[in-house]
Structure formats: C-alpha cells, structure tokens
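Enquirer: Structure here, sequence nowhere to be found:
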C-alpha cells in the first residue's frame with residue numbers, strides 16, 4: 001500500500017463515519033426521539049457510525065484481510081511494559097491537560113467527562129471507549145494501515161504515518177499531541193509483537209484508566225499546578241523506558257507465538 005492510498009482510505013473512513021453520524025443525528029428529529037437524553041443518544045449513534053463505517057471500509061478495501069482475534073498469553077514482561085506505558089501516558093496527559101487549562105482558561109477534564117451524567121450514559125461510554133473504539137481503531141490503523149504500509153516503506157515511516165492518520169481520525173485539536181503519542185505507543189506494541197490483540201488490549205486499558213481518572217477529578221481545578229513540564233517530561237521518560245524494554249524482548253514474543 002502506498003502512503004497516498006492510506007491517506008485516501010483514512011479520509012474516506014473519517015468522512016463515512018461523520019456522514020453516518022450526521023444522518024443518525026438527523027433521524028432523532030424525524031423520529032421524535034427527544035425523550036432520550038441527547039448525550040446518551042449521541043454516544044449511541046457514535047458507536048453505530050464507527051462500527052458500520054469500519055465494516056464498509058473493510059468490505060471495500062480490505063476484503064482479503066482476515067480478522068482473527070486470539071487469546072493473548074500472559075507473561076510478566078508484557079505486564080511490565082503495559083504498566084510503564086499506562087503510567088507514562090497518564091502522567092504525560094495530566095501535565096499536558098494542565099497546560100491546556102492554563103492556555104485556554106478552561107477545565108479540560110471537566111469538559112471531557114463531567115460527573116453530572118447518568119449511569120446508563122457512563123456504561124455506554126465505557127462500551128464505546130473500552131470495547132468498540134479499541135477494536136475498530138486498532139484493526140484499521142494498526143493492522144490494515146500500518147501493517148500494509150510496512151510492506152512498502154520502513155517500520156518508522158509506517159509507524160509515524162499510521163499514528164498521524166489515527167490522530168486526524170479523532171478530530172480533536174486540543175488533544176492531538178496526546179493522541180499522537182498514544183498512537184506511537186500502540187504502533188510500537190503492534191510492530192514489536194505482531195499481535196493486534198496486544199495493541200487492542202493496551203488501547204482498552206489506557207482508555208479506561210484515563211476515563212476513570214478524568215471522571216474522578218472532573219470537578220477539581222488543575223490550573224494552579226506548577227509542575228506540568230516535569231509531569232510531561234517524566235511521562236515521556238517512562239514511556240521511553242517501556243519502549244526500550246519492549247525492543248529488547250523479541251525472544252519472549254517468539255515464545256508467546258509458539259503457544260498459539
């Protein structure tokens with residue numbers, strides 16, 4: 001796959017998701033569904049739009065790609081890398097969100113998740129962020145896009161390109177840098193293990209941890225913290241340690257593949 005084809009397919013995926021979401025949103029008015037809370041309906045149609053657009057893209061461009069998700073073997077090495085990545089990602093995002101709050105004079109975490117939401121919405125949000133999104137996004141951006149780009153380009157180029165497209169897909173300018181860093185981490189996990197199940201699992205855990213902590217701290221002001229740059233630096237250092245450990249563990253992944 002060429003980079004231009006990857007860009008075009010990703011843009012079609014983004015536009016198709018947005019179009020499906022818009023159509024379903026309009027249906028709310030036509031079918032008189034105003035009795036449902038808008039935020040609940042919004043997240044529900046977001047799930048449908050993402051899942052349906054993925055199936056259409058899979059059918060059109062990746063019909064020859066087989067999807068077979070298998071149980072991942074548990075080992076101490078994988079657990080250690082995951083803990084480092086999760087910890088680094090949280091510390092990094094904490095400091096970065098604080099800086100955004102100062103620049104934009106808002107409460108980023110409160111804008112993302114606030115506590116004044118229904119239990120049903122919270123449950124549906126967790127289904128979307130911890131199940132649907134990790135599966136759909138990892139299969140598309142890591143297995144399909146990165147996995148095919150690496151057949152034509154270097155590992156680094158495929159990794160960075162897939163991460164940029166992953167960032168653009170989220171259409172969140174304020175969080176674009178954090179999403180890009182997460183994309184890089186997910187790409188490295190897939191690149192080193194050649195197991196999409198690991199990147200799906202990490203994506204799911206990362207979303208859950210960040211969402212849970214954002215929810216807990218939603219009403220707390222974050223703008224008076226003076227250690228934001230230290231948090232960002234420390235988070236990136238922890239992630240880099242995880243990457244270095246991951247790069248030295250190829251023999252353990254070979255053992256993991258033999259167990260399948």
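Expert: Structure's in. What do you need? All values reported here derive from a predicted model rather than from experimental measurement.
Enquirer: The closest residue in space to residue 150 that isn't next to it in sequence and residue 142, how far apart?
Expert: Leaving out its chain neighbours, the residue that sits closest to residue 150 by Cβ to Cβ, 6 or more residues apart in numbering is residue 158, at 4.0 Å. Bear in mind the C-beta positions are built from the backbone N, C-alpha and C, glycine included. Between residue 158 and residue 142 the computed distance is 10 Å (Cβ to Cβ, to the nearest Å).
Enquirer: list residues touching both of those two?
Expert: residue 187 (Cβ atoms under 8 Å, 6 or more residues apart in numbering).
Enquirer: so residue 172, which of the three states?
Expert: coil (DSSP: H, G, I helix; E, B strand; the rest coil).
Enquirer: Tally up the residues packed near the nearest residue to it once chain neighbours are set aside, please.
Expert: Nearest non-adjacent residue to residue 172, counting by Cβ to Cβ, 6+ apart: residue 179, 6.6 Å away. A count of nearby residues for residue 179, using other Cβ atoms under 10 Å, gives 19.
Enquirer: same deal with residue 21?
Expert: For residue 21, using other Cβ under 10 Å, the count is 19.
Enquirer: mind listing what's buried in the helix or strand that contains it?
Expert: Per DSSP states H and E, residue 21 falls inside helix 3-30. Within helix 3-30, the residues that count as buried by 16 or more other Cβ atoms under 10 Å are 6, 9, 10, 13, 14, 16, 17, 20, 21, 24.
Enquirer: Contact partners for the last one?
Expert: Read it as residue 24. 45, 48, 49.
Enquirer: Residue 80 touches residue 244, doesn't it?
Expert: No. In this structure residue 80 lies outside contact range of residue 244 using Cβ atoms under 8 Å: 11.9 Å.
Enquirer: Now do the contacts for residue 138.
Expert: Contacts of residue 138 by Cβ under 8 Å, 6+ apart are 186, 190, 196, 199, 200, 203.
Enquirer: got any ranges where the chain has weak pLDDT?
Expert: 31-38, 74-75, 104-120, 213-225, 249-260 (pLDDT under 70).
Enquirer: Quick check: nearest residue in space to the spatially most central residue of it, chain neighbours excluded?
Expert: Of all residues in the chain, the one closest to the mean position by Cα atoms, centre = their mean is residue 203, 5.5 Å from it. For residue 203, ignoring the flanking residues on the chain, the nearest one in space by Cβ to Cβ, 6+ apart is residue 134 at 3.8 Å.
Enquirer: Same check on residue 147?
Expert: residue 190 (7.7 Å).
Enquirer: tell me which residues in the helix or strand hosting that neighbour are buried?
Expert: Under the criterion of DSSP H and E, residue 190 resides in helix 176-193. Within helix 176-193, the residues that count as buried by 16+ other Cβ under 10 Å are 178-193.
Enquirer: Residues in contact with that helix: which ones?
Expert: 81, 85, 89, 92-93, 96, 138, 141-143, 146-147, 150, 155, 158-160, 162-164, 166-167, 170, 172, 196, 198-199, 202-203, 206, 236, 239, 242-243, 246-247, 249-250, 253, 256.
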